[in-house]
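K.L.:
after the sequence you'll find the predicted model.
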Amino acid sequence: MNNDNYPIDFVVTWVDGNDPVWQADKAKYSPKKNEDSRNIRYRDWDNMQYWFRAVEKFAPWVNKVHFVTYGHLPKWLNTDCPKLHIAKHTEFIPSEYLPTFNVRPIELNLHRIKGLAEHFVYFNDDMFLLKPVPRELFFKDGLPTDFAIASTLSVTDKSDTVQFAKFNNIVILNTHFDKKEQVNKNFNKWVNLAYGWNALRNLILMGEHHFKCFANNHLAFSYLKSTFNDLWSKEFDELNETCKHKFRTRLDVNQWLVRYWQLAKGDFSPIGRHVKGKVYEVYNGVAQNQELFNIIENQTMPMICINDNENIDFEPMEKRLKQAFDKILPDKSSFEK
């Protein structure tokens with residue numbers, strides 16, 4: 001696609017873990033063995049207003065923001081904002097998968113959101129823009145920007161459902177693609193200077209016929225809606241099975257399968273792994289996370305993912321994080337009342 005004026009949407013998922021109606025609904029479905037229902041997965045840092053302020057200030061070119069929610073909404077959200085679309089689970093996820101407390105059925109059905117553009121960027125609610133970003137950071141020549149860097153699986157323990165999802169993703173991918181053939185077809189996308197020394201790793205491993213895994217960043221990813229449709233048409237049974245799981249399990253696939261599918265097909269434009277930003281793991285208290293506050297206040301990268309953890313002095317961290325965001329995003333956006 002040579003026309004640079006195609007619309008690009010943003011999609012962001014959000015849950016208010018403090019909502020008593022949501023809590024009651026969740027309690028009806030007691031987690032079974034091998035399911036991950038830890039409360040940390042649903043903790044709300046009360047900072048989504050800064051996500052919207054950042055989008056309006058740093059990506060004013062965005063066509064539409066699709067706010068994906070169980071049904072609850074932040075009190076401050078301006079639902080009349082013309083760029084905002086509220087996408088409730090019941091409005092786009094097939095009813096047989098609802099209710100769900102597993103982000104994977106939500107993510108695997110994003111393509112069903114009414115009015116969603118072919119080109120969209122998917123955010124979790126812990127991924128924030130920190131400075132002005134051009135459209136080309138996410139899409140170039142009509143293709144998602146991404147990095148195809150070969151990697152291996154590293155499983156920490158049996159409770160780490162993310163690593164199991166990666167494994168399940170790769171098993172499906174290898175059913176449909178021969179790695180050597182795909183790399184040869186898209187050689188310049190695999191052995192690319194944007195990857196630094198990782199391009200050499202790809203070159204060394206290019207003779208393998210099976211994918212082992214891909215390097216991942218827990219940041220916003222660019223997607224083509226048509227990739228979701230393609231994957232569902234070819235792997236309905238596997239996606240359908242995951243979507244039936246109300247909590248995360250070791251049998252799931254996840255949205256990275258859609259990303260891997262794009263990479264294997266060559267439907268992407270190469271970009272360096274850390275060009276968009278980095279992930280910051282939050283631990284302990286305010287004093288231990290000064291680097292995070294400096295990154296935000298000095299706007300040292302385009303985007304950051306603030307990854308929550310269990311061992312956190314939550315209330316002081318929540319307050320200090322808001323102060324950091326307020327320094328660069330003090331003004332209300334049109335997404336706020």
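P.N.:
Received the coordinates, thanks.

K.L.:
phi and psi next, for the nearest residue to residue 307 once chain neighbours are set aside.
P.N.:
The shortest distance from residue 307 to any non-neighbouring residue, by Cβ to Cβ, 6 or more residues apart in numbering, is to residue 281 (5.0 Å). Yep, even glycine has a C-beta here, placed from its N, CA and C like the rest. Phi and psi for residue 281, reported as degrees, to the nearest 10, are phi -90, psi 120.

K.L.:
in a strand, residue 21, correct?
P.N.:
No - the assignment for residue 21 (DSSP: H, G, I helix; E, B strand; the rest coil) gives helix, which keeps it out of a strand.

K.L.:
residues contacting it?
P.N.:
Residues in contact with residue 21 (Cβ atoms under 8 Å, 6 or more residues apart in numbering) are 71, 72.

K.L.:
likewise residue 296?
P.N.:
Taking Cβ under 8 Å, 6+ apart as the test, what residue 296 contacts is 128, 130, 304, 321, 324, 325, 327, 328.

K.L.:
which of those has the most neighbours?
P.N.:
residue 128 (24 neighbours; other Cβ atoms under 10 Å).

K.L.:
and that one, backbone torsions?
P.N.:
The phi/psi pair for residue 128 (degrees, to the nearest 10) reads phi -120, psi 140.

K.L.:
how many neighbours does the nearest residue to residue 266 once chain neighbours are set aside have?
P.N.:
Leaving aside its sequence neighbours, residue 266 sits nearest to residue 186 (Cβ to Cβ, 6+ apart; 3.7 Å). Other residues near residue 186 number 19, with proximity taken as other Cβ under 10 Å.

K.L.:
one step back: is it true that the residue nearest to residue 307 touches residue 312?
P.N.:
No - here residue 281 lies out of contact with residue 312, judged by Cβ atoms under 8 Å, at a distance of 10.4 Å.

K.L.:
among the contacts of residue 296, name the ones in strands.
P.N.:
Members of the contacts of residue 296 lying in strands (criterion: DSSP state E): 128, 304.

K.L.:
looking at the contacts of residue 296, which has the smallest pLDDT value?
P.N.:
pLDDT across the contacts of residue 296 is lowest for residue 321, at 94.

K.L.:
looks like that residue contacts residue 306 (just checking).
P.N.:
Yes - taking Cβ under 8 Å as the definition, residue 321 is a contact partner of residue 306 at 7.3 Å.

K.L.:
shared neighbours of these two, anything?
P.N.:
Here residue 321 and residue 306 have 45, 292 as joint contacts, going by Cβ under 8 Å, 6+ apart.

K.L.:
quick one, strands of the stretch 1-150 of the chain?
P.N.:
For the stretch 1-150 of the chain, applying DSSP state E, counting those that start in this stretch gives strands covering 8-14, 35-36, 65-69, 84-88, 119-123, 127-129, 139-140, 143-146.

K.L.:
least confident of the ones you listed, on average?
P.N.:
What stands lowest among those, in mean pLDDT terms, is strand 35-36, with a mean of 49.

K.L.:
what about residue 281 and residue 312, which has more around it?
P.N.:
residue 312 (18 against 12).

K.L.:
and the more buried one, its phi and psi?
P.N.:
phi -130, psi 140.

K.L.:
how about it: what's its closest non-neighbour residue?
P.N.:
Residue 312's closest residue in space is residue 282 (Cβ to Cβ, 6+ apart), at 5.9 Å.
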